[in-house]
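*Asks:* Below: sequence and its predicted model.
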Amino acid sequence: MPELPEVETVRRGLEAAFVGNVIAKVDQRRPDLRFPFPDHFVSRLEGRKTVALHRRAKYLVAELDDGTALIMHLGMSGRFTVYAPQGHVLRPGVFAHQVATSGLDIGAHDHVIFDFEDGLRVVFSDHRRFGLMTLHPFKDLNGHKLFASIGVEPLSEVLTSSYLDQKLSGKRTPIKSALLDQKIVAGIGNIYACEALFYAGISPRRSSHTVPGKRSMRLVQSIQSVLSRAIEAGGSSLRDYAQADGELGYFQTQFAVYDREGEACQTASCDGTIQRLVQSNRSTFFCSNCQR
DNA sequence: CGGGACTCCTGCCAGC
DNA sequence: TGCTGGCAGGAGTCCC
């Protein structure tokens, strides 16, 4: 479920806890997540200070003071929770769950626990274990296999309709599948692919090569506005709940079509109903009146 | 090589 | 009430 806006929300929620803080202790509680942890994962992290916390596509990247990048992916069910000892004075911007130091139970799905020098504890839990953590030289991030063929950031000026046109021309796959392809645009998942196509008025079944032109201009605009609005919503939910329980990973947003099969289309002038179809084993939601 | 199907994993929920 | 089966989905891998 975490797509670009959720990952960006998590990044913002974790930034103040990580940056400038020294990782005193790491508890790696199993040998693997989606992939095995790299060799010496714990010892390469302990004693390191985080210089910056970045996001690229759906990845979080902690840049460490020795030039190492700690690459983290939430998969589908990854969450971070920040804890502070009771009475700990939180630095500005730190969202944390304040608990008695003795009262910390480690859950079955808590896989990595970072204890920082200032007393903050950040717990990564992921019950489905589709997430991952690995290490790589920060300077060579794009040389990492996971990043090598990742497409443009949708909220940067690099995503233009001409870029999209070039990627879509000649493609026979449905546009919905193309939007899920991280090699084209990074960070869009199933939910925002559906939402963006709805706002652009494009059928998810439309063959990609017929999108270039006016449709791709509308599509770029909808991708950017749907993602920006979701990040704004994430920001406000961050304020709402993060201070309460420090848990980062999900937030509720109102979707126009996603998971609304059988409901009325929200377009004022449309009396259609949201339909569901399956494309490459994934649910697609759309309005066949509004999307052509 | 493009594109689709399959796969990892577990929680949750509908249906019997 | 309790079990079962299906579904959810990010992204690498495999196969046609």
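*Replies:* Cool, the structure landed.
*Asks:* List the contacts of the closest residue to DNA strand C within chain A.
*Replies:* Closest approach between chain A and DNA strand C, counting by Cβ to the nearest atom of the strand: residue A:189, at 2.9 Å. The way it works is simple: take the backbone N, C-alpha and C, and place the C-beta from them, glycine included. For residue A:189, the contact set (Cβ atoms under 8 Å, 6 or more residues apart in numbering) comprises A:1, A:2, A:3, A:4, A:58, A:180.
*Asks:* same thing with residue A:34?
*Replies:* Contacts for residue A:34 (Cβ under 8 Å, 6+ apart) come out as A:73, A:75, A:129, A:130, A:131, A:132.
*Asks:* picking that back up, now which of the contacts of residue A:189 would you call buried?
*Replies:* Burial by neighbour count, 16 or more other Cβ atoms under 10 Å: within these this picks out A:2, A:3, A:4, A:58, A:180.
*Asks:* contacting residues around residue A:67?
*Replies:* Residue A:67 neighbours (Cβ under 8 Å, 6+ apart): A:137, A:138, A:139.
*Asks:* try 6 Å
*Replies:* By Cβ atoms under 6 Å, 6 or more residues apart in numbering, residue A:67 lies in contact with A:137, A:138.
*Asks:* Show me where the stretch 151-292 of chain A dips below the pLDDT cut-off.
*Replies:* Within the stretch 151-292 of chain A, the segments meeting pLDDT under 70 span A:236-253.
*Asks:* Spell out which parts of it neighbour DNA strand C.
*Replies:* Proximity of the stretch 151-292 of chain A to DNA strand C is confined to A:180, A:182, A:189, A:190, A:191, A:258, A:259, A:281, A:282, A:283 under the rule Cβ under 7 Å from any atom of the strand.
*Asks:* Could you dump the contacts of residue A:34 into TSV with secondary structure and distance to residue A:116 added?
*Replies:* Shown next, in TSV, are the contacts of residue A:34 (DSSP: H, G, I helix; E, B strand; the rest coil; distance: Cβ to Cβ, whole Å):
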residue	secondary structure	distance to residue A:116
A:73	strand	21
A:75	coil	24
A:129	coil	24
A:130	coil	26
A:131	coil	20
A:132	strand	22
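*Asks:* if we can go back for a sec, dump the contacts of residue A:189 to TSV, plus distance to residue A:90 and secondary structure.
*Replies:* Shown next, in TSV, are the contacts of residue A:189 (distance: Cβ to Cβ, whole Å; DSSP: H, G, I helix; E, B strand; the rest coil):
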residue	distance to residue A:90	secondary structure
A:1	28	coil
A:2	24	coil
A:3	28	coil
A:4	27	helix
A:58	28	coil
A:180	38	helix
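*Asks:* Dihedrals phi and psi, residue A:214?
*Replies:* For residue A:214, the backbone dihedrals (degrees, to the nearest 10) come out as phi -60, psi -40.
*Asks:* hey, where'd the helices end up in the stretch 101-250 of chain A?
*Replies:* With helices called from DSSP state H, counting those that start in this stretch, the stretch 101-250 of chain A shows them at A:145-148, A:161-168, A:175-180, A:190-200, A:214-237, A:243-245.
*Asks:* Name the nearest residue to residue A:221, sequence neighbours excluded.
*Replies:* Spatial nearest neighbour of residue A:221, excluding adjacent residues (Cβ to Cβ, 6 or more residues apart in numbering): residue A:200 at 7.3 Å.
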